[in-house]
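[1] Predicted model and sequence below, questions to follow.
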Amino acid sequence: MAEPVNIKGTRNGLVILFDSNADYDEIKNYLHKKMQSAKGFFKGAKFTLQNHNDIPENYRSEIEEICTQYGLIRSEEKIELPNFANNTTDKKNDFSSVKRNKTPEPPGEQTLLIKRTLRSGHSIKYNGHVVVMGDVHAGAEIIAGGNVMVLGRLSGVVHAGATGDVTAKVVANKLCPTQLRIGPAIVTSPDEEPQYPEIAKLHNGQIMVEKFVPSKM
């Protein structure tokens, strides 16, 4: 893991992972910076620590205290990561490290609803569908096993069908991502500002974008 601390979002809360090669002061300082830069984004979320057995008990207590200082709530039950997101690669390798099934199974109707804007540095990984009731700023990313729907402006990185679902779609009120990926196909941001909601989907192995008509979703 390239970063001393990596925070993964799930439908049940946050999983906080640590680099076993980093020293405690580095972990603690980085966690403080991570929480401060989030500006309340994680407030009210449940969290659990993972791969923390290498950290002494008194240090673990300090780490939990840091999290609670920023409004997080320690979960009494362990929060599990989705199988495809349980990796420890750095952010720039997230796309290439997602395992793809040769015969992908439909992600079903499991949906993660995010009732806030995703700002730069935020990363969401979920095995089902993802719906964002806000904007996705440049520098934020969403990796979903199913569809992605953004009710505001999508300016970040998005990967729908990350586990191999080539029927996945991306819908946004303003679809202008830095990078858009569906299954194995990838495109970059359009040159023109979209004037209406759009939907992106695969057609003959290529990503096509058209005006969004709800009845055709």
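    Now that the structure is in, tell me what you want to look at. Just so you know, these numbers come straight off a predicted model, no measurement behind them.
[2] separation between the residue lying farthest from the centre of the chain and residue 73?
    The centre of the chain is farthest from one residue, residue 58, which by C-alpha atoms, centre = their mean lies 30.4 Å away. As judged by C-beta to C-beta, to the nearest Å, residue 58 and residue 73 stand 21 Å apart. Placement of C-beta: from N, CA and C, glycine included.
[3] list the helices and strands the top helix by length along the chain packs on?
    Ranked by residue count under DSSP state H, the longest helix found in the chain is helix 24-38. When contacts are defined as 3 or more C-beta pairs under 8 Å, 6 or more residues apart in numbering; DSSP states H and E, helix 24-38 sits against strand 5-10, helix 57-69.
[4] which residues are contacting it?
    Applying C-beta atoms under 8 Å, 6 or more residues apart in numbering, the external contacts of helix 24-38 come out as 3-5, 7, 16, 18-19, 22, 42, 55, 59, 62-63, 66-67, 69-70, 121-122.
[5] again with stretch 199-208
    Under C-beta under 8 Å, 6+ apart, the answer for stretch 199-208 is 160-161, 166-171, 175, 180, 182-183, 185-187, 209-212, 216-217.
[6] Buried residues, it. List them.
    Across stretch 199-208, burial judged by 16 or more other C-beta atoms under 10 Å covers 199-202, 207.
[7] ok so, going back, pick the most deeply packed of the helices and strands packed on helix 24-38.
    Ranked by mean neighbour count, the helices and strands packed on helix 24-38 are led by strand 5-10 with a mean of 22 (mean count of other C-beta atoms under 10 Å).
[8] Give me the helices and strands touching it, please.
    Checking 3+ C-beta pairs under 8 Å, 6+ apart, strand 5-10 ends up next to strand 13-18, helix 24-38, strand 123-126.
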